[in-house]
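[1] Following is a predicted model, sequence given first.
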Amino acid sequence: AQKITQTQPGMFVQEKEAVTLDCTYDTSDPSYGLFWYKQPSSGEMIFLIYQGSYDQQNATEGRYSLNFQKARKSANLVISASQLGDSAMYFCAMRGGTGANSKLTFGKGITLSVRP
Amino acid sequence: DGGITQSPKYLFRKEGQNVTLSCEQNLNHDAMYWYRQDPGQGLRLIYYSQIVNDFQKGDIAEGYSVSREKKESFPLTVTSAQKNPTAFYLCASSIGKPGALAETQYFGPGTRLLVL
């Protein structure tokens, strides 16, 4: 079974500063993938970044980077130079490599509020 | 433009009534998914389909039914057996390559279901 834990109740960051959103995971799969999604108040889930368990380097996509620490089973999202439009819910998710399906397991999410 | 559409945006259900949520995609994806999101919670998988005329139960399938007669369409019916249907429902799709860990799921804008 796979489990994603996001325990930060809510995060606040000043505009233009960096912020880290925590995600820990648990799986018995030797290979797996980790995802981060953003959900603004409109409700749609927007894909941000992906990290594979065997990737040698931490993933980066523009202002988003993933601080992947495999031994600690953590995959924290770092947002640099926060913008007001970054205010949203952020979800960490994972997919294990044991089957032919492609189901994702999601955490409960973290609310980020960017202050002007 | 390619994407996923869900309709209606808001849906009201009376006690004992079945309602159907629409999901259409023009991304030529094989796999489609239905998730339920409750306030302050992550996404939970209801049903998924990896190919036309085939679908599997997710983690919370009781009280729901689906069909996959066309590649583009994956409607979800919330039956009267679902005793607590008030939630936000998200449809997603992906290419559907088995075992592809990095495969991204793309989401529609969601349907909010309320019980009268």
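    Looks like it arrived, so ask away. Residues are numbered from 1 along each chain as shown, chains lettered A, B, ... in the order given.
[2] How far away from the center of its chain is the helix or strand harbouring B:Arg112?
    Counting by DSSP states H and E, the element that carries B:Arg112 is strand B:111-115. Put simply, strand B:111-115 sits 13 Å off its chain's centre (CA atoms, centre = their mean, to the nearest Å).
[3] what is the rounded mean pLDDT of it?
    The pLDDT scores in strand B:111-115 average 93.
[4] List the buried residues of that strand.
    The neighbour-count check on strand B:111-115 (16 or more other CB atoms under 10 Å in any protein chain shown) flags B:Thr111, B:Leu113, B:Val115 as buried. All C-beta atoms are positioned from the backbone trio N, CA, C, and that covers glycine.
[5] ok, and the closest non-adjacent residue to B:Gln82?
    Distance criterion CB to CB, 6 or more residues apart in numbering or on different chains; nearest residue to B:Gln82, sequence neighbours excluded, is B:Gly63 at 2.8 Å.
[6] Let me see the contact set for that neighbour.
    Applying CB atoms under 8 Å, 6 or more residues apart in numbering or on different chains, we find B:Gly63 in contact with B:Val78, B:Thr79, B:Ala81, B:Gln82, B:Lys83, B:Pro85.
[7] what does A:Ser42 give?
    Counting by CB under 8 Å, 6+ apart, A:Ser42 makes contact with B:Pro109.
[8] hang on, it in a helix?
    No: under DSSP: H, G, I helix; E, B strand; the rest coil, A:Ser42 sits outside any helix and is assigned coil.
[9] Return the distance of it relative to A:Ser65.
    A:Ser42 is 25 Å from A:Ser65, where distance means CB to CB, to the nearest Å.
[10] quick one: contacts for the residue nearest the centre of chain B?
    Centroid-nearest residue in chain B, with CA atoms, centre = their mean: B:Trp34, separated by 2.5 Å. Residues near B:Trp34 by CB under 8 Å, 6+ apart: B:21, B:23, B:45-48, B:58, B:64, B:66, B:74, B:76, B:89-92.
[11] Now it: which helix or strand?
    Per DSSP H and E: B:Trp34 is located in strand B:31-37.
[12] Can you show me the strands along chain A?
    Secondary structure of chain A (DSSP state E): strands at A:3-5, A:11-14, A:19-21, A:24-26, A:32-39, A:46-52, A:60-61, A:64-69, A:74-79, A:88-96, A:105-106, A:110-115.
[13] go on, chain B?
    Going by DSSP E, chain B shows strands at B:4-7, B:10-13, B:19-25, B:31-37, B:43-51, B:54-57, B:64-66, B:76-78, B:87-94, B:106-107, B:111-115.
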